[in-house]
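1. with the input below, show me the fold.
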Amino acid sequence: MRPISILVIINILLFGLLYVYTEPLDTSILIAGGVLTLLILVSYIIIVKARMGDQYIFLLISMLSSLGIVMIYRLDPNFGFRQITWYGLGVILYFLSYGIFRWIRNWDEYMYLYIGFGIVLFILTFTVGTTIKGATNWIRIGDFVFQPAEIIKISFIFFIASYFTYPDKLKNIYYFLGISYVHILFLVAQRDMGMAMLFYSIFISIFYVFYKDYKLVFYNFAAAILIVVYGYFTMTHVQVRFEAWINPWRDIAGRGYQITQSLFAIATGGFFGTGLGLGYPDYIPEVHTDFIFSAIAEEMGTFGAMAVVLLYFLLIYRSFKITLTIQDTFKKIIALGITLTYSYQTFMIIGGVIKLIPLTGITMPFISYGGSALVSAFIAFGILQAVSKKSYETEELMDFEPQ
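-> Model (predicted):
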């Protein structure tokens, strides 16, 4: 059976179950499921017929998005409808980013543009930004709110890739390090330690792979420790999250409430779950964003949660495979940067809700509710889709070589 057929069957089952267990019966659920599935089918056919490269990336992110939309729709139909709208916009930008990346040939020459773009957006966030949950990392325009850091992380990857393609554009490595830390320190100043950790993880990983002076890599690890210590002693919400991670049971009705409710929900689900629409994930604050994995684990069980993790593993595997087949340095770093971004992001959010690491406020890629995160992820993977076209053509040539 083809993967697209499996995705369609799963969507029919999920939206069908959601419709059956919703009281009163709401036909808008079936309409939403039909529209989403049709959009996925049409987009997949375009990717295959136009030979746009890897055929599995879009299916994997659409499967994750479908699971997220079903769960969000179950929690709040209004949020579910908005998420479908964001998904539709994300698909449009997926194809646009694919086309634009392939149309413009000299992306590696615009290093200063990437630097300026990121710095200007950071300054705008400081001047007109809105504080939400302790971090000033949102910009509000009327009823529309977006997180600039979600877009900046893409330009940050482009900046790093440009530097390692043409290192002579900056006088020495310390200029590169300085600009990288300016991005990270802006996030620290915004009190967004989760995003700062993500930016640092992307930076240090690519730096480790492409720079040979391991002594300098070690110094950068030491700098990261200093930033974390500074964040703990100067930011109250960071202290709260750290203390809730160490011992949430001490203040179960206060600081530890979110994480304990998350653990209760996961435990309640058992292996097979309570059933879609039959659990009580509403007890968890911010369940549709930070803790949606807990809701999935409660209603779909450990097996359902493991299936989600395996989908992420498949997506990361395909992304790393593309990275390894690319010869061009700039495109290789772009592919690696996108892969690492969503690998680390997935680890940080799942690790946080199961109490493996402190909560970071990072969203779960493609599943959590949120327009900025979903749209930026589609843009990033649209670029990866464009990068994959060359590697996909190489694989086809190898398959047709005489033995």
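2. for Ala189, which residues are in contact?
-> Ala189 makes contact with Phe126, according to Cβ atoms under 8 Å, 6 or more residues apart in numbering. Every C-beta, even on glycine, is put in place using the N, C-alpha and C of the backbone.
3. apply 10 Å and report the result again.
-> Going by Cβ atoms under 10 Å, 6 or more residues apart in numbering, Ala189 touches Phe122, Thr125, Phe126, Thr136, Ala196.
4. cool, and His183?
-> Contacts for His183 (Cβ under 10 Å, 6+ apart) come out as 115, 118-119, 122, 149, 152-153, 155-156, 159-160, 196, 199-200, 202-203.
5. check Ile362 too.
-> Ile362 makes contact with 192, 194-195, 197-198, 290, 344-349, 351-352, 368, 373 under the criterion Cβ under 10 Å, 6+ apart.
6. ditto for Thr130
-> Thr136, Asn137, Trp138, Ile139, Arg140, Val145.
7. between the residues you listed, which is closest to Ala380?
-> Distance to Ala380 across those (Cβ to Cβ) is lowest for Asn137, with 18.3 Å.
8. which strand or helix spans the closest one?
-> Assigned by DSSP states H and E, Asn137 belongs to strand 135-141.
9. which helices and strands does that strand pack with?
-> Packed against strand 135-141, as judged by 3 or more Cβ pairs under 10 Å, 6 or more residues apart in numbering; DSSP states H and E, are the following elements: helix 111-128, strand 129-132, strand 144-146, helix 148-165, helix 173-189, helix 193-210, helix 371-400.
10. what angle sits between that strand and helix 193-210?
-> With axes from the mean of the first three to the mean of the last three Cα atoms, to 10 degrees defining the directions, strand 135-141 sits at 100 degrees from helix 193-210.
11. make residue 1 into 825 and carry on from there
-> Sounds good: first residue 825 from here, last item strand 959-965.
12. parallel or antiparallel, list what pairs with strand 959-965.
-> strand 953-956 (antiparallel), strand 968-970 (antiparallel) (DSSP bridges).
13. so where's this structure shaky on pLDDT?
-> Flagging of the chain using pLDDT under 70 yields the residue ranges 825, 957-959, 1215-1227.
14. residue contacts, Phe1000?
-> If you count contacts by Cβ under 10 Å, 6+ apart, Phe1000 has them with Met935, Phe983, Ile984, Tyr987, Phe988, Pro991, Lys993, Leu994, Phe1027, Phe1031, Tyr1035.
15. nearest to Leu1100 among these?
-> Phe1027 (39.8 Å).
16. what about the closest one, how many neighbours?
-> Phe1027 has 24 neighbours, counted by other Cβ atoms under 10 Å.
17. need the helices and strands packed on strand 959-965 in CSV (columns: distance to Ile908).
-> As requested, these are exported to CSV (distance: least, Cβ to Cβ, whole Å):
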stretch, distance to Ile908
helix 935-952, 27
strand 953-956, 23
strand 968-970, 17
helix 972-989, 19
helix 997-1013, 30
helix 1017-1034, 26
helix 1195-1224, 11
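18. could you pull up the contacting residues of Val1041?
-> Ile1028, Phe1031, Tyr1032, Tyr1035.
19. counting neighbours, which of these comes out on top?
-> Phe1031 (20 neighbours).
20. nearest residue to that one in space, please, no chain neighbours.
-> Nearest non-adjacent residue to Phe1031, counting by Cβ to Cβ, 6 or more residues apart in numbering: Val1041, 6.3 Å away.
21. before we move on, the earlier item: now, the most widely separated pair of the contacts of Thr954?
-> Thr960 and Val969 (12.6 Å).
22. now the contacts of Phe1000 as TSV including distance to Gly1206?
-> Below are the contacts of Phe1000 laid out as TSV (distance: Cβ to Cβ, whole Å):
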residue	distance to Gly1206
Met935	22
Phe983	19
Ile984	19
Tyr987	23
Phe988	22
Pro991	28
Lys993	26
Leu994	28
Phe1027	23
Phe1031	26
Tyr1035	28
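23. need the buried ones from these selected in ChimeraX.
-> In ChimeraX syntax, the buried subset of those is picked out as below (16 or more other Cβ atoms under 10 Å):
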select :935,983,984,987,988,994,1027,1031,1035
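24. what two of the contacts of Phe1000 are the furthest from one another?
-> Every pair of these checked by Cβ to Cβ; the farthest is Lys993 and Phe1027, at 17.5 Å.
25. number of nearby residues for the residue nearest to Phe1027 when sequence neighbours are not counted?
-> Nearest residue to Phe1027, sequence neighbours excluded (Cβ to Cβ, 6+ apart): Ser1004, at 5.0 Å. Ser1004 has 23 neighbours, counted by other Cβ under 10 Å.
26. and Ser1004, how close does it get to Tyr934?
-> 17 Å (Cβ to Cβ, to the nearest Å).
27. same deal with Pro848?
-> Pro848 is 55 Å from Tyr934, by Cβ to Cβ.
28. of the two, which one has the most company?
-> Per other Cβ under 10 Å, whichever of Pro848 and Tyr934 has more neighbours is Tyr934, with 16 against 4.
29. distance check, that one against Phe983.
-> For Tyr934, the distance to Phe983 (Cβ to Cβ) stands at 9 Å.
30. go on, Val1133?
-> In terms of Cβ to Cβ, Val1133 sits 31 Å off from Phe983.
31. now swap in Phe946 and tell me
-> In this structure, Phe946 and Phe983 are 13 Å apart, going by Cβ to Cβ.
32. show me which of the contacts of Ala1013 is closest to Leu888.
-> Nearest to Leu888 among those, with distances taken as Cβ to Cβ, is Ala1020, at 25.0 Å.
33. which ones are touching the closest residue to that closest one other than its chain neighbours?
-> Spatial nearest neighbour of Ala1020, chain neighbours left out: Leu1011 (3.8 Å); criterion: Cβ to Cβ, 6+ apart. By Cβ under 10 Å, 6+ apart, Leu1011 lies in contact with 946, 949, 959, 961, 973, 976-977, 1017-1024, 1051.
34. surely Leu1022 and Leu1164 touch.
-> Yes - using Cβ atoms under 10 Å, Leu1022 is in contact with Leu1164, at 9.4 Å.
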